[in-house]
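Visitor: sequence and predicted model, in that order:
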Amino acid sequence: MLRKAFLDTIPVLTGYVVLGIGFGIILKTRGYGAGWALAMSLFIYAGSLQYVVIDLLTGGASLLTTALTSLMVNARHLFYGISMIDRYKGAGRKKLYMMFGLTDETYSLVCQDPVSEDPAVQRERHKYYFTVSFFNQCYWVTGSVIGALLGSVIPFNTEGIDFALTALFVTIFTEQWLSTRDHRPALIGLVASAACLLIFGAGSFLIPAMIVITLLLTGLRSSVEGRRPAKGGEA
């Protein structure tokens, strides 16, 4: 299980270390050291939000502004959590950390794994989900601390570093596209996001896009399950 989880998370390892280093460097250039990078990556652990938090910290944002911004940036995780109800059912104490560690990349890996009704299989899958979540956070924490340490000894021009987050999303999307025959979920995500971007603008499209995507994927799932034969029926 450990070996499989590690092999499956190698793409995330390469992305998270690079992204974490970028975050740590930017954080250090704004006057916050490795301790801040470690604490934020341990307790916030949200790549895009952590980049945003740097500006909130240095800009003197109010608590209300910080809370609302955090809610909007991470609103997609509400929908991630809803879709994980069946997969995380019966996980026991592991569930709390698995919920906390459900980043975009962890979600993409967990979603590739089929849901099983067998309790014994479910227990093994829960160990896998937990290990994947733990490994991914370790990669992010390591990259963040390395970046902060590098930023304290080497001068950097940080312009463009935050684009690495976008590059990672593109890489994960491409990998999912190539690894599955059913491209409908990916196309739904692309079309819904593009439509909401045009309608609501770059600053407000995220939450409407997540709502539309969730509704469409729910409808797609209901349609697929409606076509499946009942247990004990024709194969």
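Guide: Now that the structure is in, tell me what you want to look at. If you're wondering where the values come from, they're calculated on a predicted model, not measured in any experiment.
Visitor: got the phi and psi for residue 68?
Guide: phi -70, psi -40 (degrees, to the nearest 10).
Visitor: which pLDDT value goes with residue 9?
Guide: In this model, residue 9 is scored at 91, pLDDT.
Visitor: please disregard the earlier target; I meant residue 233.
Guide: 46.
Visitor: how close does residue 27 get to residue 146?
Guide: 12 Å (Cβ to Cβ, to the nearest Å). From N, CA and C alone the C-beta is placed, and that goes for glycine too.
Visitor: more crowded one of those two?
Guide: residue 27 (27 against 17; other Cβ atoms under 10 Å).
Visitor: tell me which residues in the helix or strand that that one is a member of are buried?
Guide: Using DSSP states H and E, residue 27 falls within helix 10-29. Using 16 or more other Cβ atoms under 10 Å as the test for burial, helix 10-29 gives 11-13, 15-29.
Visitor: try stretch 199-213
Guide: 205, 206, 207, 208, 209, 210, 212, 213.
Visitor: the nearest residue to residue 135 once chain neighbours are set aside and residue 71: what is the separation?
Guide: Leaving aside its sequence neighbours, residue 135 sits nearest to residue 9 (Cβ to Cβ, 6 or more residues apart in numbering; 4.8 Å). According to Cβ to Cβ, residue 9 stands 28 Å off from residue 71.
Visitor: higher neighbour count, the two?
Guide: residue 9 (22 against 12).
Visitor: any weak-confidence spans in the chain?
Guide: Residues of the chain meeting the criterion pLDDT under 70: 113-121, 156, 158, 160-162, 164-166, 168-169, 172, 176, 203, 222-235.
Visitor: what about the residue positioned nearest the centre of the chain, distance to residue 63?
Guide: Centroid-nearest residue in the chain, with Cα atoms, centre = their mean: residue 104, separated by 1.6 Å. According to Cβ to Cβ, residue 104 stands 26 Å off from residue 63.
Visitor: same thing with residue 55?
Guide: In terms of Cβ to Cβ, residue 55 sits 15 Å off from residue 63.
Visitor: the two: which has the busier surroundings?
Guide: When neighbours are counted by other Cβ under 10 Å, residue 55 and residue 63 differ, and residue 55 comes out ahead with 12 against 7.
Visitor: so the more buried one is in which element?
Guide: Counting by DSSP H and E, residue 55 is found in helix 47-59.
Visitor: same question, residue 39
Guide: helix 34-43.
Visitor: and that helix, what's buried?
Guide: Buried residues in helix 34-43 (16+ other Cβ under 10 Å): 34, 36, 37, 38, 40, 41.
Visitor: residues near the spatially closest residue to the fifth one that is not a sequence neighbour, how many?
Guide: Going back to what we said before, that points to residue 40. Leaving aside its chain neighbours, residue 40 sits nearest to residue 50 (5.5 Å; criterion: Cβ to Cβ, 6+ apart). Number of residues near residue 50 (other Cβ under 10 Å) recorded here: 23.
Visitor: correct me if wrong: residue 50 contacts residue 44.
Guide: Yes. Applying Cβ atoms under 8 Å, one finds residue 50 in contact with residue 44, separated by 5.7 Å.
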